[in-house]
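# sequence and predicted structure are below.
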Amino acid sequence: MSQQQKIAKLTQKLSALKDQKDKLNAEAEEWAEKRDKLNEQFRSLRAETLELKNGRDKLNEEVKELKRQRDEAKTEFHAKIEEKKKLNQEIKVLIKKKPSRSFQTLQMEFERIEWKIQTTSLSLEEEKELVEQVRQLETQLNIYKRLGHSNQKIIELKAELKALETKSKLFHEKLTETAQRSQQIHEKMLEKINDSKKLKEEADGLHRLFLQTREKVRPIQEEILEISNQIKELREEAQKEEEKEKKKSEEALREKLEKQAREKLRRGEKLTWEEFQLLAEKGMTAQD
């Protein structure tokens, strides 16, 4: 097989390998493009997941604060319940001590004696007796005053308890609503995380296919390089062979022309400039 035939055969093989390499590179590029799209979707989902997490965490902080406020309201509610119980006990005790006469009657008697002490000239014994009566009346009136204060406090406590109960209920409703919103966001976040995992797994699978395809290109590229070097070597050898043949042909032609020039020279014929130059290079002249 001639050098040119070998070169033609190798060139044909090289072309097929290049086509195969280009096909694999296109396949690898396709895998890479699909992988990159999935990775972009993955990054987008990660950003959405982070946003959902921040929203959920914020709601959880609100839930925590609402629980604290609700528990604080409950504690205050129970404290006021205990205060109301104590007042009721005090009222029971005071009712047992309540004088038989009404507050108005006792107040009028108190004022009458006070006026008498201030406006009447009394002996020491009479004054002492009236002062004692005033003291006793003050004690009895004080029972009514304490009862009135306790009853007023009971009314205030009932209003406060009702307000605390409403407040606690509102805290609980808000807490429940916020907790439900947090749970919904958490579930949505988990869905995004699962979707992200699936996308990542798919993207990683495509990346493996990309690497496998690129790995298939390696031996083909090495073979392409090897064949290219073989073709280069064959072409260099062919060129050397051509130059050798050319040189051989030129030498034969030169010898032929030189022989013809010598013949003409012997016959005394006129030489052409080229023939003269050719014989001159050989050290021959017309005189020879």
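Done, it's in.

# now the closest residue in space to residue 3 that isn't next to it in sequence: which helix or strand?
Leaving aside its chain neighbours, residue 3 sits nearest to residue 238 (4.2 Å; criterion: C-beta to C-beta, 6 or more residues apart in numbering). Backbone N, C-alpha and C define where each C-beta goes, glycine included. If you go by DSSP states H and E, residue 238 is part of helix 124-266.

# average model confidence for that helix?
Averaged across helix 124-266, the pLDDT comes to 89.

# elements contacting it?
Packing partners of helix 124-266 (3 or more C-beta pairs under 8 Å, 6 or more residues apart in numbering; DSSP states H and E): helix 3-97, helix 103-119, helix 273-281.

# which elements pack onto the last one?
Helix 273-281 is packed against helix 124-266, with contacts defined by 3+ C-beta pairs under 8 Å, 6+ apart.

# distance between the helix it packs on and the chain's centre?
Centroid separation between helix 124-266 and its chain, computed with C-alpha atoms, centre = their mean, to the nearest Å, is 3 Å.

# tell me the angle that helix makes with helix 273-281.
Counting by axes from the mean of the first three to the mean of the last three C-alpha atoms, to 10 degrees, helix 124-266 lies at 90 degrees to helix 273-281.

# just to revisit the earlier point, what angle separates the helix holding residue 238 from helix 103-119?
120 degrees.

# ok and helix 124-266 relative to helix 3-97, angle-wise?
Using the same axes, to 10 degrees: helix 124-266 against helix 3-97 is 180 degrees.

# looking at the helices and strands packed on helix 124-266, which is nearest to residue 204?
helix 3-97 (8.4 Å; C-beta to C-beta).

# ok, the residue nearest to residue 3 to residue 251 distance?
Distance of residue 238 to residue 251, given as C-beta to C-beta, to the nearest Å: 20 Å.

# residue contacts, the nearest residue to residue 116 once chain neighbours are set aside?
Leaving aside its sequence neighbours, residue 116 sits nearest to residue 130 (C-beta to C-beta, 6+ apart; 6.5 Å). Residue 130 makes contact with 113, 116, 117, 122 under the criterion C-beta atoms under 8 Å, 6 or more residues apart in numbering.
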